[in-house]
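Trainee: pasting the structure only:
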């Protein structure tokens, strides 16, 4: 076998690599369950406006708190709105906001972490102190303050969530960078006279990408949890937009006689969070990254 | 060793200093201030000036920061806007209530987590592990407000065993509080236990796979003697740090749980003060919660250091 043919075997298209990772993930039972739940929720988020049987904001006083029936599968809520319609629509806002939020978190957290890991010294010290300080403020206090002062529009929520969930990624990316930085190929790239930017782009990112992506996937499920908590507390999505956190908080007061209105969004939100969690776990295992000893920071 | 401890403590103080700067600057650059919120529509001209003078907002920001910080170190956080009473007096009973809740959850949670973690690790991939691990995944991924809501629905409403919502004044005595806190404690302990059990599990599995344990097995050391004498001491050491981080992380979750159960602790005060735009109280809360986080972490670091003779020499050589 010539050197050339070995090289060709190693070279796979990005699509093939992604496909292989997904196959590995789905080959474990937990990964398969997680992936199917996640795919189901994503498909549902796309098609739900077209399959929803009723108008999600149609208030009907004559239909208040109806028990589940053939007509209203999950019953109706305290304003006579169809719970089934609101439940299948309830994940769209949360999914969209947290997806873009995680992307922002990945980008700034990952790049800053890599930069700090590479540069080291004073700049690294200062940035890490600031990151530590932000980590020690409970996220919920900071998020609530921002949201209550700037409002709950998407333009506020996405950057704010992205910022507060990215600071943990800074640490992960920095640690991963420290692992590669001492390797010979970085030393030789420096010897060849490559700039910091070129080293980050060509040498470090391909090597720390997996660790950061896994962290980002995990952050996505935490961000979803955080976002729903905000909605639940009344600081997230504003009514009448259907959202699971908000639906649970509204229906909670009446759950002693209308439990269906609170059970449906609970099942929706829990299944999505568990789905993302299992997928992220399977993703980590498929890429050979052990997260089991990490604390939720 | 002593040098190392002092260094850790100093780093903790630097972190807190930065936190105080962040909260101060944060509340400063966000639109609106205490006076415009307090006066709402009447916030202009003479009245606004008077309010600024009364709250001391007419001096430059850095001067206000210094005087605020000096007072805060002495435990004086100034006056809350909504209640018109010293923040110190507002905080006192709240901190006590939250401490009761947290320590009850910790005392119940840690032993259960240890047992579950060790059982799942020793019977890895067998039935007990699969069953317990599935339950812990559910317990740790489901949001606090969902598990709390389900607890209320099932135990308080359907079974009618316990009160679902805490209806007591803030400064209630401990024994009056007791029956009310069972459900909140279960809700908090559940998530914490699940997190810790998983970490103990992976830590024990790692140690079980190490060479000296394999050697002990080959030498014929009895199984349980090996587990208790050789595996657990080494497996539980790294867990201390993680337990501390989990407790600290729960500070955020406690906010939601306290709101669900209407529990008069720090968490509900967070929501109340933010809803009322009571910025001085928010600042005080940020500092206090951050101090709790920093001191728990510091304590865990020091404990690991004390308990691990190897770490001492290693760190000093660095």
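Mentor: Received, thanks. Note that the coordinates shown come from a computational prediction; the quantities given were computed from them, not determined experimentally. Numbering: from 1, shown residues only, chains lettered A, B, ... in the order given.

Trainee: number of residues surrounding the closest residue to chain B within the stretch 51-200 of chain A?
Mentor: Of all residues in the stretch 51-200 of chain A, residue A:133 sits closest to chain B, at 3.7 Å by CB to the nearest CB. Bear in mind the C-beta positions are built from the backbone N, C-alpha and C, glycine included. Residue A:133 has 22 neighbours, counted by other CB atoms under 10 Å in any protein chain shown.

Trainee: quick check: buried residues in the strand or helix carrying it?
Mentor: Assigned by DSSP states H and E, residue A:133 falls within helix A:121-136. Across helix A:121-136, burial judged by 16 or more other CB atoms under 10 Å in any protein chain shown covers A:127, A:130-136.

Trainee: show the subsequent helix or strand relative to it.
Mentor: Next element after helix A:121-136 (DSSP H and E): helix A:139-150.

Trainee: how about the helix or strand that comes right after that next one: buried residues?
Mentor: Per DSSP H and E, the first helix or strand lying C-terminal to helix A:139-150 is helix A:154-181. Residues of helix A:154-181 classed as buried under the neighbour-count rule (16+ other CB under 10 Å) are A:157-174, A:176-177, A:180-181.

Trainee: for stretch A:18-37, measure first residue to last.
Mentor: Distance across stretch A:18-37, first residue to last, is 19 Å (CA to CA, to the nearest Å).

Trainee: and if you look at stretch A:251-262?
Mentor: By CA to CA, one end of stretch A:251-262 lies 5 Å from the other end.

Trainee: quick revisit: and the helix holding residue A:133, what does it pack against?
Mentor: Using 3 or more CB pairs under 8 Å, 6 or more residues apart in numbering or on different chains; DSSP states H and E as the contact test, the elements touching helix A:121-136 are helix A:92-119, helix A:154-181, helix B:2-29, helix B:279-307.

Trainee: and that helix, how far out from the chain's middle?
Mentor: Helix A:121-136 sits 24 Å away from the centroid of its parent chain (CA atoms, centre = their mean, to the nearest Å).

Trainee: tell me what angle that helix forms with helix A:154-181.
Mentor: Angle, helix A:121-136 to helix A:154-181, by axes from the mean of the first three to the mean of the last three CA atoms, to 10 degrees: 130 degrees.

Trainee: could you check the angle helix A:121-136 makes with helix A:92-119?
Mentor: 150 degrees.

Trainee: so what touches helix A:121-136?
Mentor: Residues outside helix A:121-136 that contact it (CB atoms under 8 Å, 6 or more residues apart in numbering or on different chains): A:112, A:116-117, A:142, A:164, A:167-168, A:170-171, A:174, A:297, B:14-16, B:18-19, B:22, B:248, B:290, B:293-294, B:297.

Trainee: give me the neighbour count for residue A:69.
Mentor: A count of nearby residues for residue A:69, using other CB under 10 Å, gives 10.

Trainee: can you pull out the helices in the stretch 151-300 of chain B?
Mentor: B:174-208, B:211-219, B:223-226, B:232-261, B:266-275, B:279-307 (DSSP state H, counting those that start in this stretch).

Trainee: do the last one and chain A come into contact?
Mentor: Yes: using CB under 8 Å from any CB of the partner chain, a contact is recorded between helix B:279-307 and chain A, made by B:282, B:285-286, B:289-290, B:293-294, B:297.

Trainee: got a PyMOL select line for the buried ones in those residues?
Mentor: Entered in PyMOL, the line below selects the buried ones among the residues of helix B:279-307 next to chain A, by 16+ other CB under 10 Å:
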select buried, chain B and resi 282+285+286+289+290+293+294+297
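
Trainee: tell me the two of the residues of helix B:279-307 next to chain A that are most distant?
Mentor: B:282 and B:297 (22.6 Å; CB to CB).

Trainee: which secondary structure element of the chain has the lowest mean pLDDT?
Mentor: Just so you know, I chose chain A. Least confident helix or strand, chain A: helix A:3-10 with a mean of 52, by mean pLDDT, DSSP states H and E.

Trainee: backbone torsions only: list them for the residue lying closest to residue B:143 once chain neighbours are set aside.
Mentor: In space, residue B:143 comes closest to residue A:225 once its chain neighbours are excluded; the distance is 5.0 Å by CB to CB, 6 or more residues apart in numbering or on different chains. Here is the backbone geometry of residue A:225 (degrees, to the nearest 10): phi -60, psi -50.

Trainee: who touches whichever helix or strand comes after the least confident helix or strand of chain A?
Mentor: Moving toward the C-terminus from helix A:3-10, the next helix or strand (DSSP H and E) is helix A:14-26. Helix A:14-26 is contacted by residues A:12, A:31-32, A:34-35, A:279, A:282-283, A:285-287 when judged by CB under 8 Å, 6+ apart.

Trainee: give me the contact list for stretch A:232-244.
Mentor: A:56-57, A:85-87, A:89-91, A:93-94, A:143-144, A:147-148, A:152, A:157, A:227-228, A:230-231, A:245-246, A:248-250, A:265-266, A:268-269, B:143, B:145, B:256, B:259, B:271.

Trainee: then stretch A:36-46?
Mentor: Outside stretch A:36-46, the residues within contact range by CB under 8 Å, 6+ apart are A:88, A:91-92, A:95-96, A:271-272, A:274-276, A:278-279.

Trainee: can you put the helices and strands packed on helix A:121-136 in a markdown table and add distance to residue B:50 and mean pLDDT?
Mentor: Shown next, in a markdown table, are the helices and strands packed on helix A:121-136 (distance: least, CB to CB, whole Å; pLDDT from 0 to 100):
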| stretch | distance to residue B:50 | mean pLDDT |
| --- | --- | --- |
| helix A:92-119 | 42 | 89 |
| helix A:154-181 | 32 | 85 |
| helix B:2-29 | 21 | 81 |
| helix B:279-307 | 18 | 81 |
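
Trainee: and those helices as a markdown table, adding distance to residue B:69?
Mentor: What follows is these, written out as a markdown table (distance: least, CB to CB, whole Å):
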| stretch | distance to residue B:69 |
| --- | --- |
| helix A:92-119 | 28 |
| helix A:154-181 | 23 |
| helix B:2-29 | 6 |
| helix B:279-307 | 9 |
